[in-house]
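> Generate a structure from the sequence data that follows.
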Amino acid sequence: MLPSISPLLFEDFNTSDDNYSSYYDYYAYSQFEACRKDGVKAFSQIFLPIFYMLICCLGLIGNILLVVILIRYAKIKTMTEVYLLNLAVSDLLFVFTLPFWTVYAATEWKFGNAFCKIVSTVYTTNIYSGVFFIICLSLDRYLEIVHTWSLTKVKSFRSSALLSSMVWIFSIMLSVPEVVFSELMVEHGRQVCIHNYGNQATAWRIILRFQLNCIGFLLPLLVMVFFYSCITHALLQSRSLGKQKTLMLVITLVVVFFILWCPYNVVLFLHSLQDLHVFLDCELSKHLDYAMQVTESLAFIHCCLNPILYAFVNKRFRLHLLKVWKRVCRRREAATFNFTETS
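Model prediction:
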């Protein structure tokens, strides 16, 4: 899975009348009609770079702050904190790929074949790992609330570290196609980082989209619904004073995950139907292109919201955040005072 400007989702397509090359995969249309995508390309060259850089900046700030608090102040004492640290690292690696895609969306791929493979693999690995670590956090809450499950500090750290390692290994395995198929090519004088599937292009595109739909969205959503349904049932039967607040958080986590990822996966599925020639309409294809860019960008917001949803709503983290803020303010005041005295 890669940004809508290239790879697995879309390849370059040459229209039959003017050799116009877009970002997207419209190989089917070339068989029977010209389907110009000038408007789609113009939109992507403006919308995607701006949105990618915005997400990159916000994601860097939130996740770096989360990592600093976890390592320096929280000291990684619980299973939840292990998963949060891995989630923050996953989100940081994800946002580090966005500047590359920003330049690519605005111009062309300028970073060589090796970086084409590396950035594509890192991007896809962290799409999957980010979702899987959210599932780990859901499992942790489920065990803690429903089964009141607790372990010693050592066992907790070992079990969470083992599960985190398994998540990374599985995510890397799912990203192997990026290493195999990602390739720097030159099409109509423009360098592109795309997937070269050979004679099995349609089959591979459908298989990998289906993989993302099922493993990256449907399965995690079902698991989250199960865990949080059990948590909700347990909370409703308890007499906890913070029950209402916890319930609202549970509902928010599921709803946000669904809102961010469902539209994107629906559009992916519709593109698979297009590859299967279920429909071949140029105007509908253009609408799908716009929808892909918007829904994909919406899904990218997850790297900005994760620190808020999974860490800063916790009272302990808020206290650490307050300490960090007070320390920054004191240093700023000291610097201002020294400057004034020197003057």
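> Helices of the stretch 1-150 of the chain, start to end?
Per DSSP state H, counting those that start in this stretch, the stretch 1-150 of the chain carries helices over the ranges 38-68, 79-106, 112-145.
> what's the neighbour count on residue 229?
Neighbourhood size, residue 229 [other CB atoms under 10 Å]: 13. Where C-beta positions appear, they are placed from N, C-alpha and C, glycine not excepted.
> Distance of it relative to residue 247?
Spatial separation of residue 229 from residue 247 under the definition CB to CB, to the nearest Å is 12 Å.
> Also residue 274?
41 Å.
> next one: residue 187
For residue 187, the distance to residue 247 - CB to CB - is 53 Å.
> residue contacts, residue 197?
Counting by CB atoms under 8 Å, 6 or more residues apart in numbering, residue 197 touches 181, 203-205.
> residue ranges with poor pLDDT in the stretch 51-200 of the chain?
Applying pLDDT under 70 to the stretch 51-200 of the chain picks out residues 149-155.
> can you count the residues close to residue 101?
Per other CB under 10 Å, the neighbour tally for residue 101 reads 24.
> Likewise for residue 233?
11.
> Remind me which helix or strand it belongs to.
helix 219-237 (DSSP states H and E).
> Put the alpha carbons of that helix into CSV.
Provided in CSV are the C-alpha atoms of helix 219-237 (Å, rounded to 0.1, in the frame of the first residue of the first chain):
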residue,chain,number,x,y,z
LEU,A,219,-10.0,-7.7,11.0
PRO,A,220,-8.7,-4.9,13.2
LEU,A,221,-12.2,-3.3,13.3
LEU,A,222,-13.9,-6.5,14.3
VAL,A,223,-11.3,-7.1,17.0
MET,A,224,-11.8,-3.6,18.3
VAL,A,225,-15.5,-4.0,18.3
PHE,A,226,-15.3,-7.3,20.2
PHE,A,227,-12.8,-5.9,22.8
TYR,A,228,-14.6,-2.7,23.4
SER,A,229,-18.0,-4.4,23.5
CYS,A,230,-16.8,-6.6,26.3
ILE,A,231,-15.2,-3.6,28.1
THR,A,232,-18.5,-1.6,27.8
HIS,A,233,-20.5,-4.6,29.2
ALA,A,234,-18.0,-4.9,32.1
LEU,A,235,-18.2,-1.1,32.8
LEU,A,236,-22.0,-1.0,32.8
GLN,A,237,-22.1,-3.7,35.4
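> which helices and strands sit right next to it?
Judged by 3 or more CB pairs under 8 Å, 6 or more residues apart in numbering; DSSP states H and E, helix 219-237 is in contact with helix 112-145, helix 243-275.
> what's that helix in contact with?
131-132, 134-135, 138-139, 141-142, 145-146, 243, 246-247, 250-251, 253-254, 257-258, 261.
> Whichever of the contacts of residue 197 count as buried, I'd like them selected in ChimeraX; how would that read?
Selecting only the buried entries of the contacts of residue 197 in ChimeraX, with 16 or more other CB atoms under 10 Å as the criterion:
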select :181,204,205
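> and the two most separated of the contacts of residue 197?
Farthest apart among the contacts of residue 197 by CB to CB are 181 and 203. That separation is 12.3 Å.
> Can I get stretch 179-197 as CSV, trimmed to CA atoms?
Backbone C-alpha positions of stretch 179-197 (Å, rounded to 0.1, in the frame of the first residue of the first chain) are rendered in CSV as follows:
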residue,chain,number,x,y,z
VAL,A,179,10.8,-4.6,-1.8
VAL,A,180,10.1,-6.9,-4.7
PHE,A,181,8.0,-4.7,-7.0
SER,A,182,8.8,-1.1,-6.2
GLU,A,183,11.0,0.3,-9.0
LEU,A,184,12.3,3.6,-10.3
MET,A,185,11.3,4.0,-14.0
VAL,A,186,11.2,6.8,-16.5
GLU,A,187,8.0,7.4,-18.3
HIS,A,188,7.6,10.2,-20.8
GLY,A,189,10.6,12.0,-19.4
ARG,A,190,9.4,11.8,-15.8
GLN,A,191,10.9,9.6,-13.1
VAL,A,192,8.3,7.6,-11.2
CYS,A,193,8.5,5.2,-8.3
ILE,A,194,5.9,2.6,-9.2
HIS,A,195,5.3,-1.1,-8.9
ASN,A,196,6.4,-3.3,-11.8
TYR,A,197,4.2,-6.4,-11.6
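> List the buried residues for that stretch?
Buried residues in stretch 179-197 (16+ other CB under 10 Å): 181-185, 191-195, 197.
> now stretch 64-78
65-67, 69-70, 74, 78.
> ditto for stretch 256-268
In stretch 256-268, counting by 16+ other CB under 10 Å, buried: 256-257, 260-265, 267-268.
> Name the nearest of those residues relative to residue 56.
Distance to residue 56 across those (CB to CB) is lowest for residue 260, with 16.9 Å.
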